[in-house]
Each structure stands twice: as structure tokens, then as C-alpha cells.
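>>> below: sequence and its predicted model.
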Amino acid sequence: MGNALEAPREGDWGVYIRDEYFRIIREAGFDTVRIPVRWSAHAENYQPYKIDDGFFNRVDWVVKKSLEQNLITIINIHHYEEIMQDPASHRDRFIALWKQISEHYKDYPETLYFELLNEPYGELTDEKWNGLIEEAVKTIRRTNPLRKIIIGPTGWNSVYNLKGLAVPEEENIIVTFHFYTPFEFTHQGAEWVSPSPAVGRKWVGTEAEKKQILDELNIAFHWAAQHNNTPLFMGEFGAYSKADMDSRVRWTHFVTREAEKMGIAWCYWEFCSGFGVYNPDEKEWRTELLNA
């Protein structure tokens, strides 16, 4: 459910979550919705780092609408850019956010999952991130002993950084990674990328193109096999709308089917914006992508 609650304010990036979206998603056959949330933009910058009540109420409403449709519902901390730049100064705030979130949702159904942090990168190195993971998981476990917790590696959740990820030795941990390979195809013309990959790159499905994808998926698959068969979640993947639709469909179909063969769960990025599989103006699915 991208470009909504992780914007500075919901609606700033063109998406406002409507109640009927979750029914539409469930009726299309999906069973999971990931809801990125920018808690850091709605919490105090000083102790006790209190989250705004009005924002909590809005997230509650969205989560409940999702759960009402019997959807596995994932909430995370998204776009906490400050912690990427200065982890030490934001450590206490990050833990305080999770203390509040975990206490607030402790009585919610087990189908609500927590994802610690979207795409750690920059100064948030493996060592620093692993320390935060340990502390955040302990904080959540005080009130949510059995809640599913999703954790991803540094390098923007890259499969290449799984080797540096320290996963708590307990049940109910899921490891996530994000997949946008080849970046020159999936992000062509993306306005937020500098320099932006040139528009016009196609994805035909040649043996070389397929091998590039399989090589990276296999990194995640083999890592999980070496770590007690940790459940894997491809938490983001997609191709931006400036790529031609036929290429997007071929790429999406190949990535999803190959991930499924490896037992990797997935969430497509995203519902109704630049990568979107649903057209909110026409109120209809982009059926080519939906059926990919």
C-alpha cells in the first residue's frame, strides 16, 4: 500500500487509503497487504518520543479495515531517513517507537505482523543494525511474545547483504529482501533516482536475463537454507510504469513464479501509484499485471 502512510502526510504523494481498497484486494485473490508507515514524522523528537494520537488512530483504522478482510497485515517503520544518517542519535527514539507500537497492538490478531525497518542503508551498517535488531526484538517480545517479526538486511534490503544479517534465534522471525533487478529496467524514468535510468529498456526474458534474476533469488534461497530454513519474504518487487507493459508483465510473471518455486512469499510494490497494479481513477485493475 505504497505512497500513502509513508509520505510525510497521507495524500502528499497522491495516495489516500480508501476503506474499499482492502475488499478489492481480497476479492482479487490476495491474502497479504504490507502497509508502509512513516512513524518518525508523527512522533516527538524528544523523550518519551510520543507518537501523535491522531496518527495512531488513522493507522488503527487502516489496519482494522485490512484485518476485517482476513488479510495478513504488515506494518513497518518506513522512511526513517534520520536513523540511516545518524544511528547513534536515533537509537533511543527507534526503540521508543517500537515500544509504543508493540504495546498499542499487543491484543490485535496474530495476522498483524511487524516489520522493523524498511531498507536500512548508509551509516546504519551491519554491526549497528544488528545491535538495533536485538534490542527492538526484545522490546517487542515483552508485550508480543508470539507476533511475527520481519527483519531485512542493510544495503536497502539487498540479497547481497544477507551475509551480514544477525537473526535472533527464535521462532516467528521472517527475513525480507527487496528485488528490483535489473535496476536499469525496473526504475527507468524514476523521478526520485539521480541519475534516472533511461526510458526504453525492455525485458524480453532471454536466458541471460533470466539467469541474472535466478542468481540473485538463489542467494536468498541458499542463505535461508543455511540458517535453519528461515522463512523468506520478498517484501518489495516491481517495475515502474515508464517501462512498456509487455516487459513489465513478463518480468513480474517470471520473478513471482521463480520466487514461489523457492518457497519465497512476496508483496508487489505497489497497489495504486507509479508501479501500481490497480488504477484508482478508473477504479479497475490493470489486468495484464494482475494476471502476471
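Perfect, I can see it now. Residues are numbered from 1 along each chain as shown.

>>> isn't residue 92 up against residue 46?
No - using Cβ atoms under 8 Å, residue 92 is not in contact with residue 46; the gap is 10.2 Å. All C-beta atoms are positioned from the backbone trio N, CA, C, and that covers glycine.

>>> and these two? which has more neighbours close in?
residue 92 (13 against 8; other Cβ atoms under 10 Å).

>>> wait, what's in contact with the more buried one?
Residues near residue 92 by Cβ atoms under 8 Å, 6 or more residues apart in numbering: 47, 49.

>>> any idea how far it lies from residue 139?
Residue 92 sits 11 Å away from residue 139, taking Cβ to Cβ, to the nearest Å as the criterion.

>>> repeat for residue 109
When distance is defined by Cβ to Cβ, residue 109 is 21 Å away from residue 139.

>>> so between the two, which is more surrounded?
Under the criterion of other Cβ under 10 Å, the comparison of residue 109 against residue 139 puts residue 139 first, with 20 against 11.

>>> which helix or strand contains the more buried one?
helix 126-141 (DSSP states H and E).

>>> CA atoms only for stretch 276-285, dumped as CSV, please.
Provided in CSV are the C-alpha atoms of stretch 276-285 (Å, rounded to 0.1, in the frame of the first residue of the first chain):
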residue,chain,number,x,y,z
GLY,A,276,0.6,0.2,-9.4
VAL,A,277,-1.4,-2.9,-10.4
TYR,A,278,-4.7,-1.0,-9.7
ASN,A,279,-5.9,2.2,-11.4
PRO,A,280,-7.6,4.3,-8.7
ASP,A,281,-9.0,6.8,-11.2
GLU,A,282,-10.7,4.2,-13.3
LYS,A,283,-11.4,2.0,-10.3
GLU,A,284,-10.2,-1.1,-12.0
TRP,A,285,-7.3,-3.5,-12.0
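
>>> and the contacts of that stretch?
For stretch 276-285, the surrounding residues in contact (Cβ under 8 Å, 6+ apart) are 15, 18, 21, 24, 28, 241, 268, 270-272, 286, 289-290.

>>> adding secondary structure and distance to residue 86, write those out as CSV.
Converted to CSV, the contacts of stretch 276-285 look like this (DSSP: H, G, I helix; E, B strand; the rest coil; distance: Cβ to Cβ, whole Å):
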residue, secondary structure, distance to residue 86
15, coil, 29
18, coil, 36
21, helix, 35
24, helix, 40
28, coil, 41
241, coil, 34
268, coil, 32
270, coil, 28
271, coil, 32
272, coil, 34
286, coil, 40
289, helix, 39
290, helix, 41
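
>>> and which of these is nearest to residue 123?
residue 270 (27.0 Å; Cβ to Cβ).

>>> how close does the residue lying closest to the closest one once chain neighbours are set aside sit to residue 27?
Spatial nearest neighbour of residue 270, excluding adjacent residues (Cβ to Cβ, 6 or more residues apart in numbering): residue 2 at 3.2 Å. For residue 2, the distance to residue 27 (Cβ to Cβ) stands at 20 Å.

>>> higher neighbour count, those two?
Neighbour count, other Cβ under 10 Å: between residue 2 and residue 27, residue 2 has more, with 24 against 9.

>>> how far does stretch 40-59 stretch from one end to the other?
13 Å (Cα to Cα, to the nearest Å).

>>> that one - what's its average pLDDT?
In this model, stretch 40-59 has a mean pLDDT of 98.
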